[in-house]
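Visitor: With the input below, show me the fold.
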Amino acid sequence: MSKPHALRGVLATLISESQSPLTPEIIIREFRATSDRRLPACELINVLKSISEKRPNFAEVTEEISHILQNKDPMYALLVFVERYRESEPSSPSSSSTSLTNMGSPHGSKTSSDVNSATGSVCATSVTAGTSTILGTSENVSGSARVSLTQAQDFPTSTPVNSKKSSDSDTSVGFVRRGPMERNRGAGKDERNDLSVIKERVLSAVSDQSLNGYRMVTNKSGNSPKSSPNELVKLTDVPDEYRTNLLWEYYNVDGDKVPRRAIAAMPLPSQESMLLDELLHCLTGVRESLLVPQKPSISAVGLAKYDVDFDIHTQLDCSLTHMVREILPLASYFMGVQKIVSATDGLGQVMNSLNEALLELIHDFYLIIVQAEEELRLNRLTLQKLLYYLQPTIWVMHEVWSSLVIIQLSDSRDAEVLTFLHERIKRLEGNKDAQQLIIGLVRKAAKPYMRMLQMWIQKGVIVDRHQEFLVVDNEVIHRDELPEHYSDDYWERRYTLRDERIPSFLAKYSDKILRTGKYLNVIRQCGKRVMPTQEMNLEFDPTSERHVSVINDAYYFAARMLLDVLLTENDLMGHLQSVKRYLLLNQGDFTMQFMDACEEELTKNVDHVLPMTLENLLGLTLRISSARNDPYKDDLHCELLPYDLVTQMSKIMKKEENWKAQPRLDLSGLECFAFTYEVKWPCSLVLNHISISKYQMLFRQLFYCKHVERQLCKIWKENSIAKQFEPQAASLYRAAFTLRQRMMNAIQNLEYYMMIEIIEPNWHIFIEKMKTVENVDNVLRLHQDFLDSCLKNCMLTESSHLNRSIFKLCKICLKYCEFIQITQRYFQDAELRSMVRDSADSSESEQESLHCPQVETPLDPADTFSERVKRFDLEFTSLLIAFLKQIISMAKKNTADCFMNLVHRINFNAFYTDQMDKMCAEAAMG
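Guide: Model (predicted):
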C-alpha cells in the first residue's frame with residue numbers, strides 16, 4: 001500500500017472507533033495547510049485527541065505529538081501519529097496494510113511511478129528552442145494539466161515553501177531557457193495549485209524512506225513509543241530552532257546512508273531519466289541515492305562553510321556525470337541561501353526584508369523546478385537541455401549566494417548590508433542579469449530603512465526598535481520635565497548620528513537628514529502642527545536619485561517653517577537686540593543710572609550683597625530710563641556668580657563640565673555681578689546658557705572697565721580744587737594728576753576699542769548675514785561666530801592671557817583711586833593754607849606745605865605722598881607696557897586681528913615706545 005493511502009486508512013480506522021464527524025481528507029487538509037491558513041498547534045492536537053482517545057497508548061502518543069509540533073512540520077507530526085497507532089494494530093503488518101488500503105483508497109494502491117507521475121503534473125508545457133525568458137514569467141495551465149492537478153491534490157504533504165499569490169496571465173506555459181531569476185509578476189490563479197504539486201512532489205520523494213527510516217530508529221531504540229524527536233531525524237549543521245518549513249537541507253530521514261541503486265546494467269536513457277528525477281529533487285534539498293551530499297566539514301571557513309559537495313554514483317555514465325557536476329553547484333547555492341535565510345531570521349527589519357525578497361527568489365526557483373518536472377513527465381527533458389536552461393540561473397544564483405555568504409561571514413547588519421549590496425551593484429557592471437537581481441534585492445531590503453527615514457524627515461519621529469536607523473534619540477523624557485539649561489545640550493546632544501548605521505548612498509546627506517528631523521521636533525514642541533506641503537513617498541532606487549530630491553524637499557520645508565517660527569512668531573531678532581542693549585552696554589543711560597543706583601550695594605563683599613535689592617533696583621532703573629519701551633525688559637535679571645571673570649573664561653573656553661561647582665572666592669559684589677537674560681522655547685535654542693555665559697563675559701569686562709572709569713572721573717572731580725593752588729603749591733600734585741589722566745586714557749581707549757571697533761562692526765556683519773539666512777543651523781552658526789569673534793578680539797580667550805593683564809590694570813587703577821580718596825582731606829588743608837598765608841612768610845608756608853602730605857596711610861605708612869605716587873606710576877607703567885608688548889607679539893602672529901588698533905590708541909604719541917625700548921635694553925643687559 002502507498003503511504004498516502006495507508007495514512008488515510010489509519011485515520012479512517014480511528015475516526016470509526018471514535019464516531020467522530022471528521023473525515024481523513026479534512027484532517028489531512030488541516031495539517032498540510034500553509035502556515036498562514038493552518039490551525040494553531042493546540043487545535044491540531046485536539047483534533048488528534050478526538051479520534052484517538054479510545055486507544056490504550058493515547059496519552060503517550062499525544063504527549064509526543066505535542067512535542068513534535070513545537071519544532072517540526074505539522075504534516076510530519078501527523079505521519080508520526082499515524083505510524084504510532086499503525087504499530088499498535090493487533091493484526092500483522094501485511095493484513096493491516098491491506099485493510100488500511102481498502103479503507104482509505106477506493107481506487108486501490110498505486111505504484112511509485114504512478115504517484116510520481118501524478119505529483120509531477122502542474123501545467124502542460126512545451127519547449128521553445130532558442131527562446132530566452134526571465135524566470136517568473138506567468139503562464140496559465142492547460143485543461144489536461146488541471147485534471148492532473150486535481151488528482152494530485154489527494155496526496156498529503158508538508159509545506160516546503162510559503163504560498164504566494166500572483167496576478168493572472170493569458171499566455172501559456174513553455175519551459176524555455178531562463179534569464180535572471182526575477183519575481184513572477186503575472187502568475188495565474190492556479191499558482192496555489194502549483195505549490196500543492198510542489199508539496200506532493202517533495203513528499204513523494206521522501207515518503208518511501210521517511211517512515212522506513214522512522215521504523216529503523218524506533219527499532220534501534222527498543223520500539224519505545226516515547227522516543228525523543230531528536231532520535232527521529234538527524235540534522236546536518238542547522239539547529240532545530242533555525243529549521244523552518246522552508247529548510248530541507250538534505251534531511252537524513254532514515255538515519256543511515258540511503259542504499260544506492262545498481263544502475264550499471266541500465267541503458268543510458270534509463271540512467272539519464274533516473275538521474276534527472278533525482279537531480280530535480282536534489283536541487284530542492286531532498287536527499288537521494290545517486291547524488292549524496294557530503295557531510296559538512298567542521299573546520300570549513302569562508303565560502304566553503306556554506307558550500308555543499310556531492311558524491312555522484314560511480315556507476316553512472318561519464319558523460320552524465322560531467323553534466324551533473326555542472327548543475328550541482330546550483331543545489332549548493334540554493335541550500336546556502338536557505339541556510340542564511342534561516343540563520344538571519346529576526347535580526348532586524350533590513351535583514352527580514354532582505355529575507356522576504358530571497359523567499360520570493362526561492363519561490364521562483366521552485367517554479368522553474370516544477371516546469372522542469374513537467375517536461376520530464378512528458379519525456380521531453382534531457383540532461384543537456386536542463387543544463388542549457390539552468391545555466392543563466394546558475395550564474396545569477398552564484399552571485400546571490402556569494403554576496404549573502406560575505407554578508408554572513410562579516411556579520412553585517414542593517415545599514416552595512418545595504419552598503420555592501422549597493423557597492424556590489426557597481427562591481428557588476430559587466431553582468432547585467434546579476435546586477436538587475438541585486439538591484440531588486442537592495443530595493444526590497446531598503447524598504448523598512450526608507451520607511452524610518454520617511455517618518456523622520458516628514459514628522460520628526462524615530463520608529464526604530466532594532467536600533468538600525470542613522471539618527472539616535474538620546475533623550476526619552478518630555479521637554480517640560482527636563483532640568484535647567486536643557487537647551488544647551490538639546491541641539492547638539494538630543495539627536496545625534498550613528499556613523500555605523502549610515503548606508504553609503506545616504507552618507508552625503510546624513511547631516512541634512514539629521515537637521516530635518518531636529519527642525520520638525522522643535523516645531524512640534526512649539527505647539528505647531530507639522531503639515532508637509534505634499535505627500536512624499538520615499539523609496540530607494542539604485543538606478544536614480546529620486547530619494548535625494550525627496551530629502552531636499554523635506555529639509556527645505558522644515559528649515560523654512562522653523563525659521564519662520566523663530567524669527568516671525570517668536571521675534572528672535574528682538575530678543576537679540578535686547579541682549580545687546582543690556583549685556584553689551586548699548587543702552588548708555590540705563591547703564592549709568594543702574595550703576596548710580598547699585599554702586600553702594602556692589603562695593604560690599606559678595607556674601608553681604610542682597611540679590612533681591614539688586615532686582616528691585618534693576619526694575620526701578622528699567623522703568624525710569626529709556627529702556628521702559630523695550631517689550632522684553634522683564635527677561636533681564638541680576639545674577640551674582642561665585643567666581644571671577646578669569647575663572648569663568650577658563651571654564652567656558654575649556655568646555656569643562658560642572659564649571660559652576662567651585663569654592664566661592666573672596667570677591668566684591670562688583671567682581672561677581674552680571675546680568676542674565678531668560679527666554680522661552682524655542683528662542684532658548686539660540687540664546688542658550690552657553691551663549692548667555694559668553695555675553696556675560698563681555699558684560700563683566702565692559703562693566704568692570706566702566707566702573708574703573710567712573711572711579712577715575714570721581715577723583716578727577718574731587719581733585720579739581722587743585723586748580724586754585726598757586727603753581728608752587730600745586731606742583732606737588734601734578735605727578736598724581738598726570739598718572740590719573742594716563743590711567744583714564746588707557747581705560748577709555750580700551751572701552752572704545754571693545755565697544756566701537758569690535759562689538760559694533762561684528763554686530764553689523766551678523767545682522768546683515770541674518771537677512772539672508774536659510775535655516776536655523778545657519779542662525780546658530782552666525783550667532784556663535786559673532787560671539788566668538790567678539791570674545792577673541794576683546795581678549796577674552798584662554799590662549800591669549802590678555803584678560804589677566806586688563807584685570808591687573810583695572811586693579812591698580814582702583815587702588816590708586818582709593819589712595820587718592822584717602823588723601824583727599826590733605827588737599828582741603830592745602831587749599832586753606834593757600835588762602836590765609838602771607839607773602840612775607842611764603843617761604844615758610846611753602847616749606848610747611850611740602851611736609852603736609854607726609855601722612856601715614858593704610859597703604860604704606862613708610863612712604864610719603866610723592867613716593868606713593870611714583871610707586872603707582874612705576875607699577876601702572878610696567879603693567880601697561882607689558883600689556884602692549886603682549887598685544888604686539890600676538891599681532892605679529894595673526895595680522896587679521898584688530899589688536900594693533902588698541903596699541904595705536906593707547907600709545908598714540910609714542911609715549912610708551914621709548915620706555916618699551918629702554919625696558920628691552922635693560923632686560924638684554926641683564
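Visitor: Could you use CA atoms for every contact and neighbour count after this?
Guide: Fine.
Visitor: And the chain, split by domain according to the record?
Guide: As given by the TED database, the domain ranges for the chain are 2-72, 268-411, 443-569, 571-654+665-687, 717-782+796-830+865-925.
Visitor: Columns mean pLDDT, distance to residue 83 and mean neighbour count on top of those domains, output as CSV?
Guide: Listed next are the domains of the chain as CSV, based on pLDDT from 0 to 100; distance: least, CA to CA, whole Å; neighbours: other CA atoms under 10 Å:
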stretch, mean pLDDT, distance to residue 83, mean neighbour count
domain 2-72, 82, 8, 17
domain 268-411, 87, 22, 19
domain 443-569, 82, 43, 17
domain 571-654+665-687, 89, 74, 18
domain 717-782+796-830+865-925, 83, 73, 16
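Visitor: Could you export the ones you listed as a markdown table, including distance to residue 703?
Guide: What follows is the domains of the chain, written out as a markdown table (distance: least, CA to CA, whole Å):
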| stretch | distance to residue 703 |
| --- | --- |
| domain 2-72 | 77 |
| domain 268-411 | 59 |
| domain 443-569 | 25 |
| domain 571-654+665-687 | 8 |
| domain 717-782+796-830+865-925 | 10 |
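Visitor: what's the closest of the ones you listed to residue 86?
Guide: Of all these, it is domain 2-72 that lies closest to residue 86, at 6.7 Å by CA to CA.
Visitor: tell me the secondary structure for residue 347?
Guide: Assigned with DSSP: H, G, I helix; E, B strand; the rest coil, residue 347 falls in the coil class.
Visitor: what sits against the closest residue in space to it that isn't next to it in sequence?
Guide: The spatially closest residue to residue 347, leaving aside those adjacent along the chain, is residue 413, at 7.7 Å (CA to CA, 6 or more residues apart in numbering). By CA atoms under 8 Å, 6 or more residues apart in numbering, the contact set of residue 413 is 347-348, 350-351, 407.
Visitor: Which members of the residues you listed are the farthest-apart pair?
Guide: 348 and 407 (14.1 Å).
Visitor: any idea which helix or strand comes after the helix or strand that contains residue 451?
Guide: Using DSSP states H and E, residue 451 maps to helix 447-459. Next helix or strand after helix 447-459 toward the C-terminus (DSSP H and E): strand 471-473.
Visitor: Could you list the paired strands of that following strand along with their orientation?
Guide: strand 495-497 (antiparallel) (DSSP bridges).
Visitor: by contact count, what packs against the following helix or strand past the partner strand?
Guide: Counting by DSSP H and E, the next helix or strand C-terminal to strand 495-497 is helix 510-525. Applying 3 or more CA pairs under 8 Å, 6 or more residues apart in numbering; DSSP states H and E, we find helix 510-525 packed against helix 447-459, strand 495-497, helix 546-564.
Visitor: Any chance of those in a markdown table with distance to residue 8 as columns?
Guide: Formatted as a markdown table, those follow (distance: least, CA to CA, whole Å):
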| stretch | distance to residue 8 |
| --- | --- |
| helix 447-459 | 45 |
| strand 495-497 | 61 |
| helix 546-564 | 57 |
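Visitor: now the strands for the protein?
Guide: Using DSSP state E, the strands of the chain run over 132-135, 177-181, 291-293, 310-312, 471-473, 495-497, 636-640, 673-677.
Visitor: Export the ones you listed as CSV, with columns for distance to residue 76.
Guide: Formatted as CSV, these follow (distance: least, CA to CA, whole Å):
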stretch, distance to residue 76
strand 132-135, 31
strand 177-181, 31
strand 291-293, 23
strand 310-312, 26
strand 471-473, 46
strand 495-497, 49
strand 636-640, 80
strand 673-677, 76
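Visitor: for these, which one sits closest to residue 70?
Guide: strand 291-293 (27.8 Å).
Visitor: partner strands of the closest one, parallel or antiparallel?
Guide: Sheet pairing here is set by DSSP bridges, and for strand 291-293 it gives strand 310-312 (antiparallel).
Visitor: how long is stretch 337-350 from one end to the other?
Guide: Using CA to CA, to the nearest Å, the end-to-end distance of stretch 337-350 comes to 16 Å.
Visitor: that older thread, so which of the strands of the chain is nearest residue 698?
Guide: strand 673-677 (9.9 Å).
Visitor: Can you list the strands that that closest one pairs with?
Guide: strand 636-640 (antiparallel).
Visitor: out of the strands of the chain, which comes closest to residue 554?
Guide: Among the strands of the chain, strand 471-473 comes nearest to residue 554, with 16.0 Å by CA to CA.
Visitor: if we look at that closest one, which residues are touching it?
Guide: 462, 494-498, 514.
Visitor: Out of the domains of the chain, which gets nearest to residue 437?
Guide: Of all these, domain 268-411 sits nearest to residue 437, with 7.8 Å by CA to CA.
Visitor: and residue 622, what does it touch?
Guide: Residues counted as contacts of residue 622 (CA under 8 Å, 6+ apart) are 590, 628, 633.
Visitor: Against residue 417, how distant is residue 298?
Guide: Per CA to CA, residue 298 is found 26 Å from residue 417.
Visitor: Next: residue 309.
Guide: Here the criterion is CA to CA. By it, residue 309 lies 28 Å from residue 417.
Visitor: quick revisit: tell me which of the helices and strands packed on helix 510-525 lies nearest to residue 366.
Guide: Closest of these to residue 366 is helix 447-459, at 25.1 Å (criterion: CA to CA).
Visitor: Please, where are all the helices along the stretch 301-450 of the chain?
Guide: For the stretch 301-450 of the chain, helices defined by DSSP state H, counting those that start in this stretch occupy the ranges 318-343, 349-377, 383-409, 414-427, 432-445, 447-459.
Visitor: Out of the contacts of residue 622, the closest to residue 46 would be?
Guide: Closest approach between the contacts of residue 622 and residue 46, by CA to CA: residue 633, at 79.0 Å.
Visitor: what's the distance between the closest one and residue 598?
Guide: Per CA to CA, residue 633 is found 18 Å from residue 598.
Visitor: close enough to count as contact, residue 288 and residue 281?
Guide: Yes. Between residue 288 and residue 281 there is a contact at 7.4 Å, judged by CA atoms under 8 Å.
Visitor: so who does the nearest residue to residue 39 once chain neighbours are set aside touch?
Guide: If the residues on either side of it in the chain are set aside, residue 39 comes closest to residue 30, at 6.8 Å by CA to CA, 6+ apart. Residues counted as contacts of residue 30 (CA under 8 Å, 6+ apart) are 38-39, 44.
Visitor: Make CSV out of those residues and add distance to residue 898.
Guide: Converted to CSV, the contacts of residue 30 look like this (distance: CA to CA, whole Å):
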residue, distance to residue 898
38, 82
39, 83
44, 87
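Visitor: So which of these belong to helices?
Guide: When helices are assigned by DSSP state H, the members of these inside them are residue 44.
Visitor: before we move on, the earlier item: among the strands of the chain, which is nearest residue 67?
Guide: Nearest to residue 67, of all these, is strand 291-293, at 29.1 Å by CA to CA.
Visitor: and the residue nearest to residue 821 when sequence neighbours are not counted, how far is that from residue 594?
Guide: Of all residues not flanking residue 821 in the chain, residue 715 sits nearest, at 6.9 Å (CA to CA, 6+ apart). Applying CA to CA, the value for residue 715 to residue 594 is 20 Å.
Visitor: try residue 493
Guide: 38 Å.
Visitor: And the helices in the stretch 701-850 of the chain?
Guide: Remark: helices assigned in the stretch 701-850 of the chain by DSSP H, counting those that start in this stretch are 727-752, 760-770, 776-793, 802-822, 824-836, 842-851.
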